[in-house]
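Trainee: Compute the structure for the input listed below.
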Amino acid sequence: MVNISRRAALVRGVRTAAWGSLIASGISRAARASNSVYEVVSEPTLLPGAPIPSLQGPVVLRINGRIASPGDVEFDMSTLERLGLIRFTTPTSWTPGPVTFEGVLLSRLLDFVGVKPDATTLMITAIDDYKAPVPVEDAHKWPVMLAIKENGAYMSVRDHGPLWVVYPQHAYPEVGERDFLSRWVWQVAQIAVE
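Mentor: Sure thing, here's the model as predicted:
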């Protein structure tokens, strides 16, 4: 029988060894923290390399540029949802209080379309032709979401929808600072990978 203090020391040793192996494997602190930043709503059923299914509804997003496909990749809402959904509650500069958003991890979307390794910028265009550059690095540094729901409801064009680039400001306050505000593009219609 192992006494309790020895068992606690053994458990601490295993945790320390596991943490050390995570650090040694080069996993970023932000990536490790992501698991506590958002809740997984649904696992992906559409994985990188799979053909995009026939669209069943109106196109809500076009992606082109430095991606695996030579032309535009188009998504309807149900196809986007098949990439897996996450949820988090965060404050924004455009809402009176924190909002619960649900959507697709931007990094997962970029992986699905096969963004070229030398791509640096996502030129995001809104329905009204507003354009803003977002560094590709943002999608890998933080769990940035392409939100499709706000407080449980699909977003209308009037309410920032149908798609809104949302940063996890609740976990990383710096993404709510002035330098980031132009990257929170709403009414997203197209992403050109440059």
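Trainee: model confidence over stretch 183-194, on average?
Mentor: When pLDDT is averaged along stretch 183-194, the result is 98.
Trainee: mind giving me the domain ranges of this structure?
Mentor: Using automatic domain parsing, the domain ranges for the chain come out as 1-37, 38-193.
Trainee: Let's have the ones you listed in CSV, adding mean neighbour count.
Mentor: In this view, the C-beta of every residue, glycine as well, is placed from N, C-alpha and C. Formatted as CSV, those follow (neighbours: other C-beta atoms under 10 Å):
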stretch, mean neighbour count
domain 1-37, 11
domain 38-193, 17
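Trainee: what's the least confident stretch among those?
Mentor: Among the domains of the chain, domain 1-37 scores lowest, at a mean of 39.
Trainee: Any idea what the residue positioned nearest the centre of the chain is bridged to?
Mentor: Nearest to the geometric centre of the chain sits residue 105, at 2.4 Å (C-alpha atoms, centre = their mean). Going by DSSP bridges, residue 105 is paired in beta bridges with residue 145.
Trainee: Now do it against residue 43, distance only.
Mentor: According to C-beta to C-beta, to the nearest Å, residue 105 and residue 43 sit 12 Å apart.
Trainee: and for those two, which residues touch both?
Mentor: Common contact partners of residue 105 and residue 43 (C-beta atoms under 8 Å, 6 or more residues apart in numbering): residue 84.
Trainee: List the contacts of the residue nearest to the centre of the chain.
Mentor: Residue 105 touches 83-84, 86, 139, 143-146, counting by C-beta under 8 Å, 6+ apart.
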